[in-house]
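Asker: need a 3D model of the sequence below.
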Amino acid sequence: MSNYTKYVKWLGGGLGFALGGPMGALLGFILGSAFDSSEAMNQYDPNNPRVSQQYGQQTLNADFTASLMVLCAAVMKADGKVTVGELDYVKEFFKRQFGKEHTQEQMHLLKDLMSKEIPVRDVCQQIRQYTDHPSRVQMIHLLFGVANADGHVHSTELEMIRNISSWLGVMEPDFESLKAMFVKDTASAYKILETTAEASDDELKKAYRKMALKYHPDKVAHLGDEYQKDANEKFKAVQSAWEQVKKERGII
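Answerer: Numbering: from 1, shown residues only. The predicted model follows:
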């Protein structure tokens, strides 16, 4: 089976919003006329209320994955070089999520995306329109993981992720919370909990409960089981931050 056929089989299996707009234009450079003939494109009718509700209110797995691949490529290109560590991180991530065969397909797609000019802001605006907030937060967490694959988040990568976060409509406190999970400083635990060292013990307890609810893996259950591992890591980071603060303050 050719790489072209594999792309169509993978992408055509569930894409909705990504077949149109800047995402569709970008992927169209790679897939050519596949969009015009794919079953997903033929079935997608934005004027159909049932289909519009399906694509407007629920993030489909294929849409999320395609969006993530495009944004991964943008972050990896941000510092002007793509490291082996970054490629290995993405490869291992998708291998855990989808298995070896699908990973090969996606890495071929990523390689092609790396050679294209990516209209990041336009792509983010399209993703924002069709994707719920917990899923967009999940994307930012994954992008930080890619940037940190070599053990350091480069300043240009950080700036790219910050811009992506803003264009996706992710709130600044959420961005800072996710950033603190990868870019450590003395206030990281408090930033993860979206609070400060000046907060009272009761305020910290409330902050922890709020973040535990916000980052609970069930919030992105609609993305499928393959994304639950990363969602759990994000949730555990909140729990770890809370345990650190409790220990430092002697909170029982």
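Asker: in the stretch 151-252 of the chain, which spans are helices?
Answerer: Taking DSSP state H, counting those that start in this stretch as the criterion, the stretch 151-252 of the chain carries its helices at 155-167, 172-180, 188-192, 201-214, 228-249.
Asker: next up, the contacts around residue 131.
Answerer: Listed by CB atoms under 8 Å, 6 or more residues apart in numbering, the contact set of residue 131 reads 59, 63, 64, 67, 168. Quick note: C-beta positions are derived from backbone N, CA and C, even for glycine.
Asker: how close does the residue nearest to residue 249 when sequence neighbours are not counted get to residue 133?
Answerer: Among residues not flanking residue 249 along the chain, residue 201 sits closest, at 6.4 Å (CB to CB, 6 or more residues apart in numbering). Counting by CB to CB, to the nearest Å, the gap from residue 201 to residue 133 is 29 Å.
Asker: then residue 210?
Answerer: In this view, residue 210 and residue 133 are 15 Å apart by CB to CB.
Asker: kindly report the same for residue 96.
Answerer: Counting by CB to CB, the gap from residue 96 to residue 133 is 25 Å.
Asker: settle it for me: which of these two has more neighbours?
Answerer: More crowded of residue 96 and residue 133, by other CB atoms under 10 Å: residue 133, with 15 against 12.
Asker: now do that one against residue 87, distance only.
Answerer: Taken as CB to CB, the span from residue 133 to residue 87 is 29 Å.
Asker: next: residue 79.
Answerer: Distance from residue 79 to residue 87, by CB to CB: 14 Å.
Asker: ok, so of the contacts of residue 131, who is nearest residue 101?
Answerer: residue 64 (19.2 Å; CB to CB).
Asker: please name the nearest non-neighbouring residue to that closest one.
Answerer: residue 223 (5.4 Å).
Asker: that neighbour and residue 137 touch, don't they?
Answerer: No: with contact defined as CB atoms under 8 Å, residue 223 and residue 137 do not form a contacting pair (11.6 Å).
Asker: so residue 138 is in which element?
Answerer: Secondary structure assignment for residue 138, by DSSP states H and E: helix 133-147.
Asker: farthest pair in the contacts of residue 131?
Answerer: Distances among these were taken as CB to CB; the most separated pair is 63 and 168, at 13.9 Å.
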